[in-house]
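In: pasting the structure only:
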């Protein structure tokens, strides 16, 4: 089986200091793959290269067996790679619905936002996470955990082939973590791959198939 994603010989420096040195990452279709290492190991830099946040680097990337070089996170998202960062990229003063469908709003025949359809779609997406809230209220009125799950729900709703989760359980309680794990398992069952970045190593044994270990900008091991 060909890998969904392959990153080979990735090098990236900042002001002459190497952040990545011949780093590698390979993700199979329908795989939940952990990327682990201490702070500064290069995990986030690798992901930001994949998703077009950083564009100047050397090395080779292929996604779905084609050469890949995203020019922006939006391009990555539109082509099937969704990312949920630890720092939530949400707008607290906007409604829950606006945050869930932002950039992908259903439209009426006149080109206006179809709010009835938008709220319905938002409720359906959140219901898969066990979230039943008033989606017309500002997102900032809800807990950090709800906001985190909303960000994840948004990414999952974009029909992605690869979902990247960066410390997704950092603000979730035990029940919400189990909900998240259920969503991850559901993605895997649909053939969607997940890159799972976490410092909570016990989580990896619950949810991940393999792990790539990074140290000082290098890939030092890949283990089942």
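Out: Yep, that arrived. None of these values were measured; they are calculated from a predicted model. Residues are numbered from 1 along each chain as shown.
In: What residues sit buried inside the helix or strand hosting residue 204?
Out: Take DSSP states H and E as the rule and residue 204 turns out to sit in helix 201-207. Of the residues in helix 201-207, 203-204, 207 count as buried by neighbour count, 16 or more other Cβ atoms under 10 Å. (Glycine included, C-beta is placed from N, CA and C.)
In: Who are the packing partners of whichever helix or strand comes after it?
Out: Per DSSP H and E, the first helix or strand lying C-terminal to helix 201-207 is strand 210-215. Applying 3 or more Cβ pairs under 8 Å, 6 or more residues apart in numbering; DSSP states H and E, one finds that strand 210-215 makes contact with strand 17-27, strand 32-36, strand 218-223.
In: can you state the direction angle for strand 210-215 and strand 218-223?
Out: 150 degrees (axes from the mean of the first three to the mean of the last three Cα atoms, to 10 degrees).
In: Please pull out the lowest mean pLDDT helix or strand from the protein.
Out: In the chain, no helix or strand scores lower on mean pLDDT, DSSP states H and E than helix 144-156, which sits at a mean of 80.
In: Show me what that helix is packed against.
Out: Using 3+ Cβ pairs under 8 Å, 6+ apart: helix 144-156 touches strand 81-84, helix 96-101, helix 115-127, strand 162-166, helix 174-189.
In: and it, how far from the chain's centre?
Out: 11 Å (Cα atoms, centre = their mean, to the nearest Å).
In: how big is the angle separating it from helix 115-127?
Out: Using the same axes, to 10 degrees: helix 144-156 against helix 115-127 is 110 degrees.
In: buried ones in helix 144-156?
Out: Of the residues in helix 144-156, those buried under the neighbour-count criterion (16+ other Cβ under 10 Å) are 145-156.
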